[in-house]
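A.B. asks: With the input below, show me the fold.
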Amino acid sequence: MSLAINLIMIIFVFGVCITIHEFGHFITAKKSGIGVIEFSIGMGPLLWHTDKNGTQYSLRALPIGGYCAMVGEDEASDEPDAFGNAPLLRRIIVVVAGVFMNFVLALIMSVVFVCLVGYTPNEISFVSENSAAEEAGILAGDRVERFDGSRVYNFKEITVSMQFYKGDGPIELTLNRNGERIKLSVTPKKLETGAYQLGIAGKGQKTSNPLTVVGYAAVEVRYWIKTTIQSLYQLITGGVSIKQLSGPVGISATMNTVIEEAKETGNNLNVVVNLINFCILLSANLGVMNLLPIPALDGGRLFFLLIELIFKKKLSDEVEGKINQAGMAFLYGLMALVLVMDVSRLVFKK
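C.D. replies: Residues are numbered from 1 along each chain as shown. You can find the predicted model right below:
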């Protein structure tokens, strides 16, 4: 029973993130005069539908996605309300609206998260004895403004950057110490586990100031967007193995583990907080991934529209269709590979 309840909560979080993305496409298409054939929550066999103003609103059996099917979206059409016949600016707005809504959802959930949990400022609260940080002259109370050249707004950014550190030399830090900017170099120490450590800790803080809440919520969204981009960069450059990729199955397994651990505390608020955190993560991740210039993704479609904007000429529907088909084949292949790896990890516990 516990697993079933967890699964419902996980499906709900995935469903919200995907539905809000598709709703962005849907509402801007409607407002732009572009016909919407179907707005679906879920994929696969049809469970329920209703028709209104030429649009079918559907609920489908497989809670693994959703879609907003527009008139003439993937093929040439003479219909006046076809996607391809709308003004260029409107088409761009419709394409980016899904990503925009994901970032809006992430911000709203981050506001709730910060109100419940607080935030982690970029202030160092503790420095371990004989650590790399102590040897470099870092003190408790220092605020980290830059970490290896990158601007830092909360302590979690330092934590995730250290996860990607591979022992490739000293890290340059810019600290704010009582209003004075100090630049230091610190070389993390390697632990027996193979991980690297600076020997510093941050501190969480609560806030009741509405402006501060929104500001740190925006920082939270920035953190997840930055982490997603860093992960992609590490994957492309070989810093992270493709074997470490996780799809819906792997993410769901992780969510189930975290939910169970939260339940063990006996505090239902911990479960809610973790679900909110996963919603922020997934929504920000979905937004970034969809902006990638890969055919069949929003980023690929946006790339074609930008070409049209720059060169004042649209690619032929036939060429664009073939490129999108190739992109879709690549995505399906990648999804199948990730699914196999996810299932393999669950079966063999690796």
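A.B. asks: CA atoms for contacts and neighbours, from now on please.
C.D. replies: OK.
A.B. asks: ok, which stretches of this structure are helices?
C.D. replies: 2-31, 88-117, 132-136, 155-164, 210-237, 248-264, 268-290, 298-311, 317-348 (DSSP state H).
A.B. asks: Could you export the ones you listed as TSV, including distance to Ser40 and mean neighbour count?
C.D. replies: Listed next are the helices of the chain as TSV, based on distance: least, Cα to Cα, whole Å; neighbours: other Cα atoms under 10 Å:
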stretch	distance to Ser40	mean neighbour count
helix 2-31	8	18
helix 88-117	14	21
helix 132-136	53	18
helix 155-164	36	17
helix 210-237	27	18
helix 248-264	19	16
helix 268-290	18	21
helix 298-311	17	17
helix 317-348	19	15
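A.B. asks: need those in TSV with mean pLDDT, can you?
C.D. replies: Below are the helices of the chain laid out as TSV (pLDDT from 0 to 100):
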stretch	mean pLDDT
helix 2-31	91
helix 88-117	96
helix 132-136	93
helix 155-164	89
helix 210-237	89
helix 248-264	84
helix 268-290	93
helix 298-311	92
helix 317-348	79
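A.B. asks: Just give me the residue right at the centre of the protein.
C.D. replies: Central residue of the chain (Cα atoms, centre = their mean): Asn285, 1.3 Å from the mean position.
A.B. asks: Select, out of the helices of the chain, the one closest to Ser185.
C.D. replies: For those, the distance to Ser185 is smallest for helix 132-136, at 6.7 Å, taking Cα to Cα.
A.B. asks: helices or strands next to the closest one in the packing?
C.D. replies: Applying 3 or more Cα pairs under 8 Å, 6 or more residues apart in numbering; DSSP states H and E, we find helix 132-136 packed against strand 180-186.
A.B. asks: Can you list the buried residues in the strand it packs on?
C.D. replies: Judged by neighbour count (16 or more other Cα atoms under 10 Å), strand 180-186 contains these buried residues: 185-186.
A.B. asks: Please list the outside residues in contact with that strand.
C.D. replies: 132-133, 136-137, 170-176, 198 (Cα atoms under 8 Å, 6 or more residues apart in numbering).
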